[in-house]
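Undergrad: have a look at this prediction, sequence included:
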Amino acid sequence: MFMGQVRADEIKGQEVQAIEYTAYEDMANEKMFEIREEIFAQFPITCMHIHHSLGKVKLGEICLFVFTSSPHRKAATDACSILVERIKNELPIWGNEILEDGTSWKVNT
């Protein structure tokens, strides 16, 4: 299981207070389904749940939840790790970081 939280990163000398997530929801759901099916085909997992928040997510709150299960730990942890990376790199979801005095578009690293 992975739960991603909004971090108090510093950008331009200011601390992130929240992130406003936006998406092309139809495209994001379609891509999420594609990734989900590919992960199921690649790993012997029995269950998978994914949730990515949209809208404003405050500092310390959960923005991404990924759950995988399998009869053996390695398959579940490997699938979860790859799933998180693919979500961050491939889904059309964007984060506008809300700073103490302004905003900055988030770049996934």
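TA: That came through fine. Numbering: from 1, shown residues only.

Undergrad: ok, and the closest non-adjacent residue to residue 53?
TA: Nearest non-adjacent residue to residue 53, counting by CB to CB, 6 or more residues apart in numbering: residue 63, 4.6 Å away. All C-beta atoms are positioned from the backbone trio N, CA, C, and that covers glycine.

Undergrad: A strand includes the one you found, no?
TA: Yes - in this structure, residue 63 lies within a strand as judged by DSSP: H, G, I helix; E, B strand; the rest coil.

Undergrad: where's it relative to residue 35, distance?
TA: For residue 63, the distance to residue 35 (CB to CB, to the nearest Å) stands at 17 Å.

Undergrad: for the most centrally placed residue in the chain, which non-adjacent residue is spatially closest?
TA: Central residue of the chain (CA atoms, centre = their mean): residue 64, 4.1 Å from the mean position. Ranked by CB to CB, 6+ apart and with sequence neighbours excluded, the top spatial neighbour of residue 64 is residue 4, at 3.6 Å.

Undergrad: same check, this time on residue 55
TA: Leaving aside its chain neighbours, residue 55 sits nearest to residue 21 (6.4 Å; criterion: CB to CB, 6+ apart).
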